[in-house]
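*Asks:* pasting the sequence and the predicted model now:
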Amino acid sequence: MRTPSFLMPAAILLVLALALIQAAPALAAAPTRAPSTTDPTRVGAQEQSKAEAAALLEKGEAEKAYELYMRLLRTSPDDDHVNLGLARAAAKAKRWNQAVQAYETLLEKHPNEAGLYGELAHVYMLLGDRDAAERSLAMMRALDGKSTQAETDKALDTLESRYSDFQVHGKVRAGLQYDSNANLGPDSNDVQIGNWRIRLKDAKAKGSFGAYLGADLDLGWRPYRDSSWWLVGDVQGFYRGHENSAMSRTRGKEAHWGRAAAGLRHLSSSTLAEVRMKVEAFDYEWWQHVSAYGPEATLLWAVTPAAQVIVKGGVEKRDYSRDYLRDGTFGTAGAYGRLFFGSDNHEVLVGGRWLGANAAKRDYGYNGWEGTARLLFKLPHGFELAPFASYTQEYYIGPATALEDDPRQDKRFRIGVGLTYRINESWSLETSYQYTRNWSNCELYTYDQHFVNTGIVWSF
């Protein structure tokens, strides 16, 4: 009798099924074969992903770097580069518990790496755990042998202050100065105004020695540790006095300036944006003063850790106590680029801004622009050298005086250099020189000025 055609395949399938059932326990117990770590394609892709994650972290995109490092960790859990990158990315992305875990994983393999204990201490301080941070720094001190207990305590105090939800920083400075043209006057009392040669009283440039005293206070508060929002404020004051008694005749022997401002700041891994409302007052001998108030805004974008773009602007209403025709609205708007370079993070800043005013007397209104360049060189032994230069043009709507017909135009060039010597973290010495040359189609406002100062600064 012939076997039906469908029975033979069915019998084969039944035999295979029974064999698989018998072998299932052994297959389940057998180890899974790991992907080959020598596969060139896989290794190349892994290295490319690690380079991409490192680049994201370098650019300040901590959250994206963290996510990529987490994917890498699943395929390479024992890779030290991955674990270190994950630890740093987690710390910058404010995932501090994950950062602690990654650092502890590394320290289990490399218990003698003092630098890892230092980085871990920073993360513990961000978590608000000073005791754990102190233990990490104690381990670092035991391994590197370069710091004392007192230095560790000071470092902890500094970190605690840096990562506190309430920040207070400030400076107090005092010193001596010499101003070759304290009243910003022309070279002579005899000036040409329009078609007239006029002799003025006390208009000529007056040189004077003097002294200055200043104080700055910056405040910041955030509602909780992970918040990107800060309430910010500042209070500043400055006094300048001249010894030349001739300055009293024009009410310019002493000058006072003060400012208070408050606002809101938002911080991310690569941006800072803030808006403040300010009030300022500038006064000469408590007799004539100028007050100003209005909003100001700043936006900083870190394109890379070494390059920043800064946009700033503000509008203010000014009131003049003894010249109400100059009252009005004044504004500025500018953009700057800042670049850090070299192993010591030297700086260069270049940019420009628009200037404008709309005064009660239309002739006093103006438009203009200013270009600025600044350098900062961090030299050995605590010295910092800061040369700078600027060029400004101002175009007024009307003439400078009633005796002239052409609208006033000013061009101003300023160049100088500052030198700072840091005695320690709190104290420093400062000195600077500045030269200003102002050209104007009105001789009354054509002048030059040399200014030198030297003093001491306390920072806290």
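*Replies:* Ah, there it is.
*Asks:* make sure I have this right: Lys64 is in a helix.
*Replies:* Yes: membership of Lys64 in a helix is supported by DSSP: H, G, I helix; E, B strand; the rest coil.
*Asks:* any weak-confidence spans in the stretch 151-300 of the chain?
*Replies:* Scanning the stretch 151-300 of the chain for pLDDT under 70 picks out the ranges 152, 155, 159-160, 162-163.
*Asks:* mind jotting down where the strands sit in it?
*Replies:* Ranges of strands within the stretch 151-300 of the chain are 166-179, 190-193, 196-199, 208-221, 229-242, 254-267, 271-284, 288-304, based on DSSP state E, counting those that start in this stretch.
*Asks:* which among those is found nearest to Phe451?
*Replies:* Ranking those by proximity to Phe451 (C-beta to C-beta) places strand 166-179 first, at 5.2 Å. C-beta here means a position set from N, CA and C on the backbone, and glycine is covered the same way.
*Asks:* any idea how far Tyr324 is from Trp257?
*Replies:* 21 Å (C-beta to C-beta, to the nearest Å).
*Asks:* revised request: answer the last question for Lys146.
*Replies:* According to C-beta to C-beta, Lys146 and Trp257 sit 45 Å apart.
*Asks:* between those two, which one's more packed in?
*Replies:* More neighbours surround Trp257 than the other of Lys146 and Trp257, with 16 against 9 (other C-beta atoms under 10 Å).
*Asks:* ok, now which ones touch the more buried one?
*Replies:* With contact set as C-beta atoms under 8 Å, 6 or more residues apart in numbering, Trp257 has these partners: 236-239, 280-283.
*Asks:* got JSON lines for those, with neighbour count and distance to Ser180 too?
*Replies:* Formatted as JSON lines, the contacts of Trp257 follow (neighbours: other C-beta atoms under 10 Å; distance: C-beta to C-beta, whole Å):
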{"residue": "Gln236", "neighbour count": "18", "distance to Ser180": "26"}
{"residue": "Gly237", "neighbour count": "16", "distance to Ser180": "25"}
{"residue": "Phe238", "neighbour count": "16", "distance to Ser180": "20"}
{"residue": "Tyr239", "neighbour count": "15", "distance to Ser180": "20"}
{"residue": "Glu280", "neighbour count": "17", "distance to Ser180": "27"}
{"residue": "Ala281", "neighbour count": "17", "distance to Ser180": "27"}
{"residue": "Phe282", "neighbour count": "16", "distance to Ser180": "21"}
{"residue": "Asp283", "neighbour count": "16", "distance to Ser180": "23"}
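*Asks:* what is the nearest of the residues you listed to Ala307?
*Replies:* Closest approach between those and Ala307, by C-beta to C-beta: Gln236, at 29.1 Å.
*Asks:* surely the closest one touches His256?
*Replies:* No: assessed by C-beta atoms under 8 Å, Gln236 is found out of contact with His256, at 11.6 Å.
*Asks:* could you chop this protein up by domain?
*Replies:* If you go by automatic domain parsing, the domain ranges for the chain are 40-162, 167-459.
*Asks:* show me what the residue positioned nearest the centre of the chain is bridged to.
*Replies:* For the chain, the residue nearest the mean C-alpha position is Leu300 (7.7 Å; C-alpha atoms, centre = their mean). Counting by DSSP bridges, Leu300 forms beta bridges with Leu272, Ile310.
*Asks:* contacting residues for it?
*Replies:* Applying C-beta under 8 Å, 6+ apart, the residues near Leu300 are 271-273, 308-311.
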